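**Student:** Structure, please.
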Amino acid sequence: MNQRRAIILSGATLIFSLITLLITLQVPLIQTGDQQIRQLVNQWRNPWLSTIMVGITRLFDPTLGAFIITLTILSVWYLTNRWRALQVATTIFSGTLINHVIKAIVNRPRPSVNILLHYSGFSFPSGHSATAMVVFGSLILFLSRSHYRWRTGLMILLAILIFLVGFSRLYVGAHYLSDVIAGWSLGLMIISGLDLIFDYIKKDR
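**Tutor:** Next up, the predicted model:
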């Protein structure tokens, strides 16, 4: 178990670090690729899909996002125990804090053309994508260790939601693909890293 978590942590850290380096150095390849992906996604826009994507992307806007986060922490508390609820809360709030710090350091501007929803702040990494990963990913983590009959279906649903939140950020023009992948990677880093730390602390208690 520890070896698998360490592998996930290492892989996510490698992906995040590589993308961050490429963005910081303003490597033309990733800049061009981001623009091409945006143009491709923009070609898929239509009224009914836009309505769906806007609804999905607003899941982690401040008000609704706070509700989902609170519900997630309380659900973990109810289904497991206070220790695991504390782990989820720490994971989510650490992810939010680290994301804001990295945004301020990297300072990458958001896309400026073909925007469906306008957001303030910087682009890298995607906060919505990172939050979706730490929230829904934490639920996947604990469901994977449970014995509920419906856990597999729920885990698949949560994984689809993580993907859709990230894709919606591309669709509405709030982020580039590299922002989204970095957000997912950052969230996965925090989940796996804190899971190792909390298990270590629990063993020593």
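**Student:** hey, where'd the strands end up in the protein?
**Tutor:** In the chain, no strands are defined using DSSP state E.
**Student:** residue nearest the centroid of it?
**Tutor:** For the chain, the residue nearest the mean C-alpha position is residue 130 (2.2 Å; Cα atoms, centre = their mean).
**Student:** who touches that one in this structure?
**Tutor:** Neighbour list for residue 130: 95, 99, 183-184, 186-187 [criterion: Cβ atoms under 8 Å, 6 or more residues apart in numbering]. All C-beta spots, glycine's among them, are computed from the backbone N, C-alpha and C.
**Student:** measure it to residue 144 for me?
**Tutor:** 20 Å (Cβ to Cβ, to the nearest Å).
**Student:** With residue 122 instead?
**Tutor:** From residue 122 to residue 144 the distance is 33 Å (Cβ to Cβ).
**Student:** More neighbours: the two, which one.
**Tutor:** More neighbours surround residue 122 than the other of residue 122 and residue 144, with 18 against 10 (other Cβ atoms under 10 Å).
**Student:** Pull up the per-residue confidence for that one.
**Tutor:** Listed pLDDT for residue 122 reads 91.
**Student:** Against residue 126, how distant is the nearest residue in space to it that is not next to it in sequence?
**Tutor:** Distance criterion Cβ to Cβ, 6 or more residues apart in numbering; nearest residue to residue 122, sequence neighbours excluded, is residue 103 at 4.3 Å. Distance, residue 103 to residue 126, using Cβ to Cβ: 10 Å.
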